[in-house]
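Chemist: The amino acid sequence is not available; the structure is as follows:
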């Protein structure tokens, strides 16, 4: 239907108003296969470690938040304590335009601020001297933005019509919840959160519950986390929760694992979570001890599709069902993030495959632990063979651009950080041909970088160091190239023998060290394809079979 002239200005105004909220995300959906989106000056300003970022180090976040459940708004005060890394007078924070700043002040004196979209510049009247400590306090409020049904605060109700809400900002950014330094490289050394909610509800946050105070018709919960934490892990969940305890004991002694579940699901949760101690024990065996016992382990039941590895307060969409191998793979995945993602955090969103790839691979390793290597290979075959075209997309590399406002957790085309990250680790395990060395490599890398931030380059360097070999050719293919190695081959036959002709396509010239095992009759042998055509003379007429769960590659039988 034609738009009337009177309505056109209104529609234009609505479009311009929405643009500041939505256009930053359009780039995730419009880039061509194999291409990154076009990045602009603002993407680099807010996504890079520039002079406005590197001049200060955040040491502590203190959040005092009151969710307005009926109006679906947030209001609160955030204290950001920092140490000056050099002399400066201006620093850069982040806060989405959907929030209003009511007051901004500093502990050491006068301060001004100005905003450019989601960039928040703070200008001090006096130079901040290197080594000095200061605190910025920001009082703010607003309605969290909703994009295509996705909101950083999920406002829900349980079946009893009781409020049931939680936060979720990984991917879109913590600046959509509260003012912060919305980069991964700078983790606060500790954090605290006060959440005020209607009496009768329970608020669960990161760390240890220090106090609960009732006043009027409200309750305030005060949680404190004593360990480093990345900014998207700061979180809260609110609901009619019942706290249950799952006993667990390891070499360092007894530990109480906790779960906050909807009150009417307590019995079901207790039964289902009996598997949790075995999952923790397995992850501790292959990676090292759970890193946060002094801040606890909590599982918090959350609604819809809101599972998220919030440090020491994992948000878990409680399906309360196991897979065909008899365990809850979602529970395992989110728990594995306490090692890979929370304790060892990528310094840049471009390396987020190190979070999701390792957590997904941990699921496969736990399958191997529970059901044997054949079951592990069966799961891996499904991912590698990609039978329904959904397991791996291969649209862009799984290592993304660094130093820009870009997250691979928004668009479906970037989901390969999960499954392709997983099969990359599986392929590395195969190429190394030494399980003991492979698992020792993972465990020592985690041990050296726990409770810190890391990069893909550091992981590659560690693999090279542990193996005494150069694996840059391997990672260049699987992490930095979106294409799948394709084995092109054909077979010529004559009485009593056949010749296998083969070569790699979609690979660099140095991708020539991958061992592929083939079988004909009862005989097994190895080939090492390269970009250059090779031949293997086989003194047999038996069909040639390829093992399809060795590394991630595809095959193409040529017509000759």
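Modeler: Great, that's in hand. None of these values were measured; they are calculated from a predicted model.

Chemist: Any regions of the stretch 201-350 of the chain where pLDDT drops low?
Modeler: Judged against pLDDT under 70, the stretch 201-350 of the chain has no low-scoring part.

Chemist: Repeat the analysis, applying 80 as the threshold.
Modeler: 318 (pLDDT under 80).

Chemist: if you go through it in chain order, where are the strands?
Modeler: 202-205, 208-215, 218-225, 236-239, 241-250, 253-262, 297-302, 314-317, 344-346 (DSSP state E, counting those that start in this stretch).

Chemist: Out of those strands, the one nearest residue 419 is which?
Modeler: strand 344-346 (17.7 Å; C-beta to C-beta). Where you see a C-beta, it was placed from the backbone N, CA and C, and this is true even at glycine.

Chemist: How far away from the center of its chain is that closest one?
Modeler: 9 Å (C-alpha atoms, centre = their mean, to the nearest Å).

Chemist: who does it touch, helix- and strand-wise?
Modeler: helix 353-371, helix 435-449, strand 452-454 (3 or more C-beta pairs under 8 Å, 6 or more residues apart in numbering; DSSP states H and E).

Chemist: which residues are in contact with that strand?
Modeler: Applying C-beta atoms under 8 Å, 6 or more residues apart in numbering, the contact partners of strand 344-346 are 184, 187, 230, 352, 354-355, 445-446, 449-456.

Chemist: what sits against residue 442?
Modeler: 286-287.

Chemist: One more pass at 10 Å, please.
Modeler: Shown in contact with residue 442 (C-beta atoms under 10 Å, 6 or more residues apart in numbering): 286-288, 339-340, 358, 361-362, 365, 425, 428-429, 459, 462-463, 466.

Chemist: and what of residue 217?
Modeler: Applying C-beta under 10 Å, 6+ apart, the residues contacting residue 217 are 198-200.

Chemist: For those residues, which single residue is the most surrounded?
Modeler: Counting neighbours by other C-beta atoms under 10 Å, residue 198 leads the contacts of residue 217 with 14 neighbours.

Chemist: which residues does that one form a beta bridge with?
Modeler: Note on residue 198: beta-bridge partners residue 218, judged by DSSP bridges.

Chemist: Confirm for me that it is in contact with residue 220.
Modeler: No: using C-beta atoms under 10 Å, residue 198 is not in contact with residue 220; the gap is 11.2 Å.

Chemist: what residues do these two have in common as contacts?
Modeler: By C-beta under 10 Å, 6+ apart, residue 198 and residue 220 have no common neighbours.

Chemist: and the helix or strand where residue 141 lies, which strands flank it?
Modeler: Element membership for residue 141, per DSSP states H and E: strand 133-142. Paired with strand 133-142 in the same sheet, following DSSP bridges, are strand 73-84 (antiparallel), strand 99-106 (antiparallel).

Chemist: The stretch 351-500 of the chain: helices as residue ranges?
Modeler: 353-371, 373-385, 416-432, 435-449, 456-467, 472-478 (DSSP state H, counting those that start in this stretch).

Chemist: May I see the buried residues of the last one?
Modeler: It refers to helix 472-478. 474-478 (16 or more other C-beta atoms under 10 Å).

Chemist: Of all the strands paired with strand 133-142, which one is nearest residue 161?
Modeler: Closest among those, using C-beta to C-beta: strand 73-84, at 20.2 Å.

Chemist: Packing partners of the very next helix or strand once past the closest one?
Modeler: Later in the chain than strand 73-84, the nearest helix or strand by DSSP H and E is strand 88-94. Here strand 88-94 touches helix 41-47, helix 51-54, strand 56-68, strand 73-84, strand 111-116, strand 119-128, strand 133-142, going by 3 or more C-beta pairs under 10 Å, 6 or more residues apart in numbering; DSSP states H and E.

Chemist: in the strand or helix carrying residue 195, what's buried?
Modeler: Using DSSP H and E, residue 195 maps to strand 190-198. Neighbour-count burial for strand 190-198 flags 190-197 (criterion: 16+ other C-beta under 10 Å).

Chemist: just the angle between it and strand 208-215, please?
Modeler: Angle of strand 190-198 versus strand 208-215, following axes from the mean of the first three to the mean of the last three C-alpha atoms, to 10 degrees, is 30 degrees.

Chemist: tell me the angle of strand 190-198 relative to strand 218-225?
Modeler: 160 degrees.

Chemist: Packing partners of strand 190-198?
Modeler: Using 3+ C-beta pairs under 10 Å, 6+ apart, strand 190-198 sits against strand 56-68, strand 73-84, strand 163-167, strand 202-205, strand 208-215, strand 218-225, strand 236-239.

Chemist: Which stretch among the ones you listed is buried most, on average?
Modeler: Highest mean neighbour count among the helices and strands packed on strand 190-198 (mean count of other C-beta atoms under 10 Å): strand 236-239, with a mean of 27.

Chemist: strand partners of that one, parallel vs antiparallel please.
Modeler: Strand 236-239 is paired, per DSSP bridges, with strand 163-167 (antiparallel), strand 202-205 (antiparallel).

Chemist: mind putting these in a markdown table, distance to residue 296 included?
Modeler: As requested, the strands paired with strand 236-239 are exported to a markdown table (distance: least, C-beta to C-beta, whole Å):
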| stretch | distance to residue 296 |
| --- | --- |
| strand 163-167 | 18 |
| strand 202-205 | 11 |
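
Chemist: Of these, which is nearest residue 265?
Modeler: Here strand 163-167 is closest among these (C-beta to C-beta), at 11.6 Å.

Chemist: my guess is residue 381 meets residue 364, correct?
Modeler: No: in this structure, residue 381 is not within contact of residue 364 by C-beta under 10 Å, at 11.0 Å.

Chemist: Tell me which of those two has more neighbours.
Modeler: Between residue 381 and residue 364, counted using other C-beta under 10 Å, the more crowded position is residue 364 (21 against 13).

Chemist: so what pLDDT did the more buried one get?
Modeler: On pLDDT, residue 364 comes in at 97.

Chemist: measure residue 209 to residue 460 for me?
Modeler: Remark: distance between residue 209 and residue 460 (C-beta to C-beta, to the nearest Å) = 41 Å.

Chemist: for residue 90, same thing?
Modeler: 36 Å.

Chemist: same check, this time on residue 239
Modeler: 43 Å.

Chemist: Skip the chain neighbours and tell me the closest residue to the residue of the chain most remote from its centre.
Modeler: Among the C-alpha atoms of the chain, the one most distant from their mean position (C-alpha atoms, centre = their mean) is that of residue 495, at 55.6 Å. Of all residues not flanking residue 495 in the chain, residue 541 sits nearest, at 8.0 Å (C-beta to C-beta, 6 or more residues apart in numbering).
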